[in-house]
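1. Dropping a prediction and its sequence here:
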Amino acid sequence: MLALLASASAQSTGALGETPKVEVSAFLNATPLTPGSQHVLAVVVDIPEGLHAQSATPSNEAFIRFEIKLTTPLPPGVQAFDTVYPKGHDQTYPMLGTLNVYDGRVIAYIPLTVSADAAVREGLEISGVLTTQLCDDKSCFPPEDTTFAVKFAVATPGTPAVPGNAALFSGFDWSSFGKSIQPTGPPTAVNAPRVFGLALSPQSYPLAFSIAIFVGIIFNIMPCVLPVLPLKAYGFYEASQHSRARSLMLGLIFSSGVVAAFGVLGVIVFFAGQQWGSLFQQPWFTWSMVAILVAMAAGLWNLFTFRLPLGVYSFEPNHNSASGNFLFGGFTALLSTPCTAPLFPALLLWASAQPKVVGLGLMLAVGVGMALPYLLLAGVPELARKFPRTGPWSELIKQMMGFLVLGTAVFLAGQALLPGMKFMFAIAATAVVAGGFLIVQTARLMPRAVPIATSCILALALIGSTGYAAVSLNQKSVEWTPFSDAALAAARAERRTVLIKFTANWCANCHYVEATVFTDRQVRTALTRKNVLLLKVDITRANAPGSDLLRQLNPAGGIPLTAIYFNGADEPVQLASIFTPATLIETLETGK
């Protein structure tokens, strides 16, 4: 009781006397601002000696938090991101308890980007207000709002920016551009994402969501997902033997599983700040997917001669349960993540500049698109009834589906164990086994010349195509240098052109770009002639060197992505997703 009276007395004394104030000033890391560049505003706060302020993350939500807000609209083309606050430290006070506070000098940073088409302007100003509450070791003073402002200009492209106050910015983490997905002002993009040749402006909501649905539909023909399509069709055939209503109900549940999985991925990317495909950076996830696929293949080969957990049976194609359909839908969506080009990375780049809830909505729209073909098949069971019914040939088709599923499992396991595209030889070996099985089973079921000849042709086509792909995709590529910040900085200081390829073993489309573009003789000649430094960022595992740069260029982390810094430029030209050798050569020649 005495402590409370003493605290109240101190507060009254503080209120009657002169209230201490913080000193606030603001500085830009370089001036003037130039189109197509990144800048940082430092807000410097000096707290009087012997006092402290609640931090940006106070120990109690009811306390007045240290908060900085911009108060004037920024000019078109200039975008501010969330303020990056320093961590507070815990301090225990006899009268106040343990608090998370700031004291002395506090520096917060506001990342800024200037779009490539920003207009040249003079006499501009960034102004804001700091809300804070000062306290001593016994009591607190009334909250205060303190304003700050800094003048700036947007200069013509190519104007050199003069650095200043280097010591103030030594503590800034430039990866904050990638981590600050939520912009505080109207979003703009230095490199506007393009889909079908159309630039996605920040206001292109109808176009972006329409493309998202279309992207979801084409996910179903990606190599990672294609093997499960006949499995689900077979499942709906089973359901169609009952009634249209039951088939449609199971189709709706399956579709809900697809959409729900994309919703979870959206939360991981846009709210948890993880890169797209980050689940495949975790060995436990990759090997879980492999185990499920192997179990599915074994089920298709009728190898379940012992009782397995119910969870395994739920992934069988002939399951007829609500839970099995929901799980299968989610599994199908997750299986699509390594094969999301050619349109998806551009959508992720657009979504990363939007409010987080818009990014989540875009992911849900992709899920809706992916679920549409299954929903159509479930709603029109007459299509499913066209599938072969019981009999030896139906059984053979089902067993060959098992080899398709096994091939997907080999892809996931191979990319985790083998470098580059070496796993393609394991897939080719699987194709040899599948082709031999097809010939032997055909000869056993129908020992006549025409069926056996047909099966031989199919087997040779399967073996030949996978073998050719394995050899082609393992051709000698260009010589890559592992990425390092020092190598990039040194090359840019020398004004040397730098090409950075962002890739991962689990990214099938990344391997396609490597095999079709960087093995091309004309591409290799152009790279040599231009004396291009080739750096590779491999994000197969989490926190790999260059991951922060990927987040900076595309906060959602969509790959494949190729970034080219011409002549030491601050911002690269980006080639998102899949592209051709001609596109890369043209970019190298034109610098854009």
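-> Noted; the coordinates are in hand.
2. for residue 112, what are its contacts?
-> Contacts for residue 112 were tallied using Cβ atoms under 8 Å, 6 or more residues apart in numbering; they are 33, 38-41, 78-81. C-beta: built from backbone N, CA, C; applies to glycine.
3. actually residue 503, not the one I typed
-> If a contact means Cβ under 8 Å, 6+ apart, then residue 503 has 510-511, 513-514, 536-539, 559-560 as its contacts.
4. what's the answer for residue 426, then?
-> If a contact means Cβ under 8 Å, 6+ apart, then residue 426 has 410, 413-414, 418 as its contacts.
5. what's the answer for residue 147, then?
-> Contacts of residue 147 were listed using Cβ under 8 Å, 6+ apart, and they are 24, 71, 127-130.
6. Quick check: helices, which of the contacts of residue 426 are part of them?
-> Counting by DSSP state H, the part of those found in helices is 410, 413-414.
7. any chance of the residues you listed in JSON lines, plus distance to residue 60 and pLDDT?
-> Putting the ones in helices among the contacts of residue 426 into JSON lines (distance: Cβ to Cβ, whole Å; pLDDT from 0 to 100) gives the following:
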{"residue": "410", "distance to residue 60": "54", "pLDDT": "84"}
{"residue": "413", "distance to residue 60": "50", "pLDDT": "81"}
{"residue": "414", "distance to residue 60": "52", "pLDDT": "79"}
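8. a markdown table please, covering these and showing distance to residue 356 and neighbour count.
-> Shown next, in a markdown table, are those (distance: Cβ to Cβ, whole Å; neighbours: other Cβ atoms under 10 Å):
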| residue | distance to residue 356 | neighbour count |
| --- | --- | --- |
| 410 | 37 | 21 |
| 413 | 34 | 19 |
| 414 | 35 | 19 |
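9. hmm, back to that, now the contacts of residue 112 as JSON lines including pLDDT, secondary structure and distance to residue 115?
-> JSON lines is the format used below for the contacts of residue 112 (pLDDT from 0 to 100; DSSP: H, G, I helix; E, B strand; the rest coil; distance: Cβ to Cβ, whole Å):
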{"residue": "33", "pLDDT": "87", "secondary structure": "strand", "distance to residue 115": "11"}
{"residue": "38", "pLDDT": "82", "secondary structure": "strand", "distance to residue 115": "11"}
{"residue": "39", "pLDDT": "87", "secondary structure": "strand", "distance to residue 115": "12"}
{"residue": "40", "pLDDT": "89", "secondary structure": "strand", "distance to residue 115": "17"}
{"residue": "41", "pLDDT": "92", "secondary structure": "strand", "distance to residue 115": "17"}
{"residue": "78", "pLDDT": "86", "secondary structure": "strand", "distance to residue 115": "8"}
{"residue": "79", "pLDDT": "85", "secondary structure": "strand", "distance to residue 115": "7"}
{"residue": "80", "pLDDT": "86", "secondary structure": "strand", "distance to residue 115": "13"}
{"residue": "81", "pLDDT": "84", "secondary structure": "strand", "distance to residue 115": "14"}
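10. May I see those residues organised as JSON lines, with distance to residue 461 and neighbour count added?
-> Shown next, in JSON lines, are these (distance: Cβ to Cβ, whole Å; neighbours: other Cβ under 10 Å):
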{"residue": "33", "distance to residue 461": "59", "neighbour count": "25"}
{"residue": "38", "distance to residue 461": "51", "neighbour count": "18"}
{"residue": "39", "distance to residue 461": "57", "neighbour count": "21"}
{"residue": "40", "distance to residue 461": "58", "neighbour count": "20"}
{"residue": "41", "distance to residue 461": "61", "neighbour count": "23"}
{"residue": "78", "distance to residue 461": "57", "neighbour count": "24"}
{"residue": "79", "distance to residue 461": "52", "neighbour count": "22"}
{"residue": "80", "distance to residue 461": "57", "neighbour count": "20"}
{"residue": "81", "distance to residue 461": "53", "neighbour count": "25"}
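11. For residue 209, state which of those is nearest.
-> Taking Cβ to Cβ as the measure, residue 79 is the one of those closest to residue 209, at 22.0 Å.
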